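# 3D model of this:
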Amino acid sequence: MSVLLGTINDMMSELDPGEHNQVSDGYHTFGELYDHRRALTAVLAGAAASGGDSWRSKAHHPDDSPMFEGGYFIVGIVLPNGVITYHYKLSHWDDFCSVPELEHAPKWDGAPPSATVDRLLELARSLADPA
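The predicted model follows:
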């Protein structure tokens, strides 16, 4: 599997950056999937905002690494089992207009990217079984 992944990454590196969003799995392009993820995050963060459980910031916590270069922001959603965060381009800032802005994001809890999926699916299961 790692050889295949290496080959795919090598092929992606040969593309112009503007072409990355056109790569497809045969059903959706990366760009379409990114747009879907952004829209779903905006809805979830907007819904969480009414309870004070979401935020957005143009800067990471001062103790964490600085925000990537290239004009990104971070949005966070506080779930019962931990915080999930995503980075988006500043051009999408207004998609999150219902989410409160913080000067700095809260300190990162060190969770790997897989924790976001785990935390979201755990929340989904708890909604199905509210016991």
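# now the residue positioned nearest the centre of the chain: how far from A39?
The chain has Y86 as the residue nearest its centroid, 2.2 Å off, counting by Cα atoms, centre = their mean. Between Y86 and A39 the computed distance is 12 Å (Cβ to Cβ, to the nearest Å). Every residue, glycine included, has its C-beta placed from N, CA and C.
# circling back: can I assume the residue nearest to the centre of the chain sits in a strand?
Yes - the assignment for Y86 by DSSP: H, G, I helix; E, B strand; the rest coil puts it in a strand.
# okay, buried residues for stretch 94-112 please.
In terms of neighbour count (16 or more other Cβ atoms under 10 Å), stretch 94-112 has its buried residues at 95-96, 99, 104-106.
# oh sorry, the question was meant for stretch 66-74
67, 72-74.
# likewise for stretch 30-44?
Buried-residue list, stretch 30-44, by 16+ other Cβ under 10 Å: 34, 38, 41-42, 44.
# got the CA positions of it in CSV?
C-alpha atoms of stretch 30-44 as CSV (Å, rounded to 0.1, in the frame of the first residue of the first chain):
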residue,chain,number,x,y,z
PHE,A,30,-11.0,16.6,-4.6
GLY,A,31,-12.4,20.1,-5.1
GLU,A,32,-16.0,18.8,-4.8
LEU,A,33,-15.2,16.8,-1.7
TYR,A,34,-13.4,19.8,-0.1
ASP,A,35,-16.4,22.0,-0.8
HIS,A,36,-18.8,19.4,0.7
ARG,A,37,-16.6,19.1,3.8
ARG,A,38,-16.4,22.9,4.2
ALA,A,39,-20.2,23.2,3.9
LEU,A,40,-20.9,20.5,6.4
THR,A,41,-18.3,22.0,8.8
ALA,A,42,-20.0,25.5,8.4
VAL,A,43,-23.4,24.1,9.3
LEU,A,44,-22.1,22.1,12.3
